[in-house]
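Visitor: take this sequence and fold it.
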Amino acid sequence: MAKEMIEIAVIGGGPAGLLAAREAAKRGVEVAVFEKDAEVGEPERCAGLLSLNGLERLSIGGSKKYLQNIVRGAVFHTESGREYFLDARRPIAAVVSRKIFDQKLAEDSEKAGARILTGVRVRRVLKRGNEFELLTDAEDFRASWIIDAEGAGSVLLRKTLGKAPEASGWLPIIQFIIKGHDLPKDFVHLYFLRDFPDFFAYFIPIDEELGKVGAASRNTELREKLMIFLRRAFPEARILKRVSHVIYTGKPLQDFCFAYRFVPVGDAAGHVKATTGGGVIMGGLLSISLTSAIAENLRGGSPRPYLER
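Guide: Next comes the predicted model:
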């Protein structure tokens, strides 16, 4: 049976992949997203603190149901107990539910004309002349271009291009959703402590009762150290949910070949903010630019203006 042909196949249904799909579809390109999990946005692995300016640049219209809170500043805590306040005196960042946020991006992508195939894992990508063959655990497909947005694993990127973001750049991170904090909801808190030497611990308020507490570190006792921190900083808090993942703090992948038609974006390419490892805004903006270049190439135009941004 003949394999279906797609102009752009996006592997991964996180923000970078979904924004790529939205951009491609808006430009009239046939695009499909292959998401291995059964539901977009699950499991939720991100703190979800995004700058309002960055959100505006991503051009996400319509419903804002993903918004949980708005903050205006940050408090920095040192090992000695000192506190340094940064108050912008205006809203500067949004706390979002990553599950609802990702699902909003999926909805926008589908409205623009993209297809999203959930529960479909791409096992292998093979180059066949000027196109690719995607071997999935459902049916197989052909594609003119691949956008690799598979995230931290970068399995297909390694298999296909033989490269990936530097291994030393990844940090384990653990986050708790807690109930019962006593801090104002318009400030996030960052704790620079010896127990988390590679990064920091943080508290992000969701509302007057709920918040996100997490830390990233190569410390082999990260979970134990985070529990000690939690009980010291929030003695009355109750843990509602635990999640663990990795964040990237290394250099972005730079030496991939656009002409090969296999383009990594988001965490798979190390497109993150260096200070926090956050990739939603940075990865999203780069994904939009790269997808615009691909769409222009598919339609016979020059991708250069988008690649030089």
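
Visitor: give me the element I288 is part of.
Guide: Applying DSSP states H and E as the criterion places I288 in helix 280-298.

Visitor: now the end-to-end length of stretch 124-140.
Guide: 10 Å (C-alpha to C-alpha, to the nearest Å).

Visitor: tell me the mean pLDDT over the helix holding I288?
Guide: Taken as a whole, helix 280-298 has a mean pLDDT of 94.

Visitor: same thing with stretch 171-183?
Guide: 96.

Visitor: in the lowest-mean-pLDDT helix or strand in the chain, what counts as buried?
Guide: When each helix and strand of the chain is scored by mean pLDDT, DSSP states H and E, helix 304-307 comes last, with a mean of 79. Residues of helix 304-307 classed as buried by neighbour count (16 or more other C-beta atoms under 10 Å): Y306. Just so you know, the C-beta spots here come from the backbone N, C-alpha and C atoms, and that holds for glycine as well.

Visitor: what about it, distance to the chain center?
Guide: Here the centre of helix 304-307 is set off from its chain's centre by 23 Å, with C-alpha atoms, centre = their mean, to the nearest Å.

Visitor: and the helix holding I288, what does it pack onto?
Guide: strand 4-11, helix 15-26, strand 49-51, helix 52-57, strand 141-148, helix 304-307 (3 or more C-beta pairs under 8 Å, 6 or more residues apart in numbering; DSSP states H and E).

Visitor: looking at those, which is buried most?
Guide: Among the helices and strands packed on helix 280-298, helix 15-26 has the highest mean neighbour count (mean count of other C-beta atoms under 10 Å), at a mean of 29.

Visitor: report the angle between it and strand 4-11.
Guide: 140 degrees (axes from the mean of the first three to the mean of the last three C-alpha atoms, to 10 degrees).

Visitor: quick one, helix 15-26 and helix 280-298 angle?
Guide: Using the same axes, to 10 degrees: helix 15-26 against helix 280-298 is 30 degrees.

Visitor: before we move on, the earlier item: tabulate the helices and strands packed on helix 280-298 (CSV), appending distance to A106.
Guide: CSV is the format used below for the helices and strands packed on helix 280-298 (distance: least, C-beta to C-beta, whole Å):
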stretch, distance to A106
strand 4-11, 11
helix 15-26, 6
strand 49-51, 17
helix 52-57, 17
strand 141-148, 15
helix 304-307, 23
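
Visitor: quick one: low-confidence parts of the stretch 151-300 of the chain?
Guide: 256, 274, 277 (pLDDT under 70).

Visitor: could you chop this structure up by domain?
Guide: 4-44+98-165+252-307, 67-96+168-248 (automatic domain parsing).

Visitor: which one, of these, ends up nearest to S51?
Guide: In terms of C-beta to C-beta, the element of these nearest to S51 is domain 67-96+168-248, at 5.3 Å.

Visitor: that closest one: how far from the chain's middle?
Guide: Counting by C-alpha atoms, centre = their mean, domain 67-96+168-248 comes out at 18 Å from the chain centroid.
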